[in-house]
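Trainee: Need a 3D model of the following:
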Amino acid sequence: MPVLSPSRIARLTYLRHALHRRPEVSGEERETAATIAGELEALGADRIWRALGGHGVAAEFRGAAPGPTVLLRCELDGLPIREISDVAHRSEVAGKGHLCGHDGHMVSMLGVGMCLETRPASGRVILLFQPAEETGAGAQAVIDDPRWPELRPDYAFAYHNLPGRPLGEIGLRPGPGNCASRGMQVMLEGKSSHAAAPEDGLSPAAAMAALMTDLPALGGGRIGDDDFALATLTHAKLGEPTFGIAPGEGELRVTLRSMTNARMDTLMEEAEACIARHARRLGVTVTWHDVFRSVVNDPDATDIARTAAAARGLTTHDMALPLSWSEDFGRFGDDGARAALLYVGAGEDQPQLHNPDYDFPDALIPVVTDLFAGIVDALLGEKCA
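Mentor: The predicted model follows:
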């Protein structure tokens with residue numbers, strides 16, 4: 001497949017800026033999905049699925065002969081963060097922004113769709129625009145959609161831009177690439193009382209104080225080790241902000257993180273045992289939120305990406321350690337695909353993901369489009385003149 005023409009790169013850049021201005025957070029991506037579906041229709045996709053797992057969109061590009069199904073996935077959602085920027089295309093939606101780069105991820109895959117106007121020699125390509133990646137709910141919702149068997153891939157690829165690495169460098173890591181994580185919300189219920197007679201109530205204060213020390217102490221090990229685990233206290237609330245009431249309710253929120261899914265299972269058990277030990281006199285409710293599985297990159301799929309990058313003259317970087325932050329892509333590997341998440345350098349001076357001044361670098365659009373077009377060529381046969 002050839003590199004995109006300058007006019008098409010300009011078109012994709014214009015589209016990214018338009019998407020950047022109108023971010024929608026997880027579960028609310030209706031307008032974004034409609035825009036993407038319209039672009040896929042204009043590219044002449046053989047089939048389009050809408051409302052997958054919420055607002056997800058997928059498009060099929062069929063090859064001339066039978067062959068494997070290759071899924072290329074990106075994300076639709078923005079973040080509930082106020083953008084602080086002076087760029088002309090800054091967010092027009094108060095308190096929301098594309099501050100993780102999903103706008104750039106989307107147009108990169110549309111660029112692959114432009115290359116697919118001339119179909120693969122064999123097999124088929126599915127371009128998936130997934131909802132609700134930021135909450136960890138979207139990939140599983142897509143897989144649970146009754147239409148998923150029509151799309152289920154043999155191979156699945158995606159990427160995330162990576163600030164702090166050279167622009168356009170392709171990071172590769174077979175095996176664990178991103179940590180598993182999940183949010184644990186702990187509600188503690190006792191009995192309020194007059195502040196002058198706290199002995200007549202049951203305050204969660206002592207249990208909360210112990211848990212705020214002991215839950216973070218559950219972590220250990222170094223990133224890259226199978227036993228790595230991290231528990232981070234993110235929120236605490238005790239009663240109401242008054243002086244006359246001894247509190248009867250409390251809330252803690254803790255993020256659990258591990259390199260492997262098996263370690264996450266034991267970390268959850270350890271956390272629940274710690275809560276039971278310190279809060280046995282209280283009513284306790286534990287709920288789980290933002291559940292991400294570990295991303296485990298298939299070695300064969302990673303090698304395919306490595307070969308495609310080399311054929312395109314792109315610099316690759318073998319990552320010694322996985323990333324501590326999570327990504328929803330791991331579900332597709334769990335579902336049976338040979339899956340690989342790639343990590344594309346966004347620039348050494350680029351603001352960090354989720355920073356209020358982050359903006360996806362437009363220079364990555366043709367780099368990533370060319371890389372993923374190369375992956376398609378490697379698996380399904382090159383046919384563009």
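Trainee: ok, N178 touching R331?
Mentor: No. Contact criterion C-beta atoms under 8 Å: N178 and R331 do not qualify, at 11.9 Å. For every residue, glycine as well, the C-beta is placed using N, CA and C.
Trainee: how much space between W49 and H289?
Mentor: Look at W49 and H289: by C-beta to C-beta, to the nearest Å, they are 28 Å apart.
Trainee: Between these two, which is the more surrounded one?
Mentor: Each of W49 and H289 has its neighbours counted (other C-beta atoms under 10 Å); W49 has more, 20 against 13.
Trainee: Tell me if D290 really is in a helix.
Mentor: No. Counting by DSSP: H, G, I helix; E, B strand; the rest coil, D290 falls outside a helix, being strand.
Trainee: Model confidence score at it, please.
Mentor: On the pLDDT scale, D290 is placed at 97.
Trainee: which residues does it contact?
Mentor: T135, G136, A137, S181, R182, G183, T255 (C-beta atoms under 8 Å, 6 or more residues apart in numbering).
Trainee: cutoff 10 Å now
Mentor: Neighbour list for D290: S26, E134, T135, G136, A137, S181, R182, G183, M184, T255, S326, D328 [criterion: C-beta atoms under 10 Å, 6 or more residues apart in numbering].
Trainee: quick one: which of those residues has the most company?
Mentor: D328 (29 neighbours).
Trainee: That one belongs to a strand?
Mentor: No. The assignment for D328, made by three-state DSSP, is coil rather than a strand.
Trainee: Hmm, T135 and it touching each other?
Mentor: Yes. Look at D328 against T135 with C-beta atoms under 10 Å: they come within range, at 8.2 Å.
Trainee: Which neighbours do those two have in common?
Mentor: Common neighbours of D328 and T135 (criterion: C-beta under 10 Å, 6+ apart): S26, A141, D290, V291, F292.
Trainee: out of those, which one sits closest to G171?
Mentor: F292 (18.9 Å; C-beta to C-beta).
Trainee: I'd like to know how far D225 sits from L321.
Mentor: 10 Å.
Trainee: right, I mislabeled it, should have said V254
Mentor: Taken as C-beta to C-beta, the span from V254 to L321 is 24 Å.
Trainee: The two - which one has more neighbours?
Mentor: Using other C-beta under 10 Å as the criterion, V254 and L321 rank with V254 on top: 22 against 14.
Trainee: Output the contacting helices and strands for the one helix or strand the more buried one maps to.
Mentor: Assessed by DSSP states H and E, V254 sits inside strand 249-258. Packing partners of strand 249-258 (3 or more C-beta pairs under 10 Å, 6 or more residues apart in numbering; DSSP states H and E): strand 180-189, helix 205-214, strand 229-238, helix 261-278, strand 283-292.
Trainee: what about 6 Å?
Mentor: Counting contacts by 3 or more C-beta pairs under 6 Å, 6 or more residues apart in numbering; DSSP states H and E, strand 249-258 is packed against strand 180-189, strand 229-238, helix 261-278.
Trainee: tell me how far the last one is from the chain's mean position?
Mentor: What it means is helix 261-278. Computed by C-alpha atoms, centre = their mean, to the nearest Å, the chain-centroid distance of helix 261-278 equals 24 Å.
Trainee: Pop the domain breakdown of the chain in here.
Mentor: The chain is divided into the following domains under automatic domain parsing: 6-178+294-380, 180-292.
Trainee: From the contacts of D290, pick the one nearest I304.
Mentor: Taking C-beta to C-beta as the measure, D328 is the one of those closest to I304, at 21.6 Å.
Trainee: mind listing what the closest one touches?
Mentor: Contacts for D328 (C-beta atoms under 6 Å, 6 or more residues apart in numbering) come out as E133, G136, G138, A139.
Trainee: Could you identify which of those residues has the most neighbours?
Mentor: Highest neighbour count within the contacts of D328, by other C-beta under 10 Å: A139, with 28 neighbours.
Trainee: Please, which helix or strand holds that one?
Mentor: Taking DSSP H and E as the definition, A139 sits inside helix 138-144.
Trainee: and that helix, what other elements does it pack with?
Mentor: Packed against helix 138-144 by the contact rule (3+ C-beta pairs under 6 Å, 6+ apart) you find no helix or strand.
Trainee: And that helix, what's buried?
Mentor: In terms of neighbour count (16 or more other C-beta atoms under 10 Å), helix 138-144 has its buried residues at G138, A139, Q140, A141, V142, I143.
Trainee: and what of stretch 296-308?
Mentor: Going by neighbour count (16+ other C-beta under 10 Å), the buried part of stretch 296-308 is V296, N297, D298, A301, T302, I304, A305, R306, A308.
Trainee: swap in stretch 152-168?
Mentor: Neighbour counts over stretch 152-168 (16+ other C-beta under 10 Å) mark 153-163, 165, 167-168 as buried.
Trainee: contacts for that stretch?
Mentor: Contacts for stretch 152-168 (C-beta under 6 Å, 6+ apart): 68-73, 101, 301, 329, 332, 337-347, 350, 352, 367, 375.
Trainee: For it, measure first residue to last.
Mentor: By C-alpha to C-alpha, to the nearest Å, the extent of stretch 152-168 from end to end equals 30 Å.
Trainee: One more: stretch 273-283?
Mentor: 15 Å.
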